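Undergrad: Quick one: sequence plus predicted model below, questions after.
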Amino acid sequence: MIHLARLRPRLTKLTFAWIWLGLASAAVSFASTYKLGQWITTTIWVTAAVLVALLFLLPALRYAATYVDVHSTGLALRLGLGRARRIELSWGEIATITASPLKGIVIRTNDDREFVLRGYSAQREIVAEMNSLLGGK
């Protein structure tokens, strides 16, 4: 088995996560310039930490765990956090690979399962390359 490529979604999927990180940092920075009570300062820091953990860290980890590995024997889809979201498909199991402007990259298997990959740039080129590998079974 030869590893040919690893495809990841566009980095712009993390735009809102970066905005939340910036807002939380700005709020803590702004609040630290004033002499506030200890409980208010603690509340601001804890709130900022929870917001960063939920609205930045989790989306960043989910992005890092989402990819498609293209091998000479097939595809390995990793669709987010958790081990149950890893799918191995051989080229023989895949019926069609198409690109849809609204859905994304759609992979249909011989047993009518459908996997949709969203957020990838240059979808037509990716589909063309995958179809060339699919045709060369």
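TA: In hand now; what should we look at?

Undergrad: Quickly list what Ala5 is bridged to.
TA: Ala5 has the following beta-bridge partners by DSSP bridges: Val70.

Undergrad: burial of it, as a residue count?
TA: Residues lying near Ala5 (other C-beta atoms under 10 Å) number 13. Placement of C-beta: from N, CA and C, glycine included.

Undergrad: hang on, isn't it packed against Val70?
TA: Yes - the pair Ala5 / Val70 is scored as a contact, 4.4 Å apart, by C-beta atoms under 8 Å.

Undergrad: looking at it, Ala65 is touching Arg86, isn't it?
TA: No - the pair Ala65 / Arg86 is not scored as a contact, 9.4 Å apart, by C-beta under 8 Å.

Undergrad: quick one, domains of the protein?
TA: 3-7+67-135, 11-63 (automatic domain parsing).

Undergrad: Turn those domains into a markdown table, including mean pLDDT.
TA: Below are the domains of the chain laid out as a markdown table (pLDDT from 0 to 100):
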| stretch | mean pLDDT |
| --- | --- |
| domain 3-7+67-135 | 91 |
| domain 11-63 | 93 |
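
Undergrad: how close does the nearest residue in space to Thr73 that is not next to it in sequence sit to Val68?
TA: Spatial nearest neighbour of Thr73, chain neighbours left out: Met1 (4.9 Å); criterion: C-beta to C-beta, 6 or more residues apart in numbering. As judged by C-beta to C-beta, to the nearest Å, Met1 and Val68 stand 15 Å apart.

Undergrad: okay, those two: which has more neighbours?
TA: For Met1 versus Val68, neighbours defined as other C-beta under 10 Å are more numerous around Val68 (23 against 8).

Undergrad: Check the gap between the residue lying closest to the more buried one once chain neighbours are set aside and Ala122 for me.
TA: Using C-beta to C-beta, 6+ apart and skipping residues adjacent in sequence, the residue nearest Val68 is Leu7, 4.4 Å away. When C-beta to C-beta is the yardstick, Leu7 and Ala122 sit 10 Å from each other.

Undergrad: so who does Ser25 touch?
TA: Shown in contact with Ser25 (C-beta atoms under 8 Å, 6 or more residues apart in numbering): Ala48.
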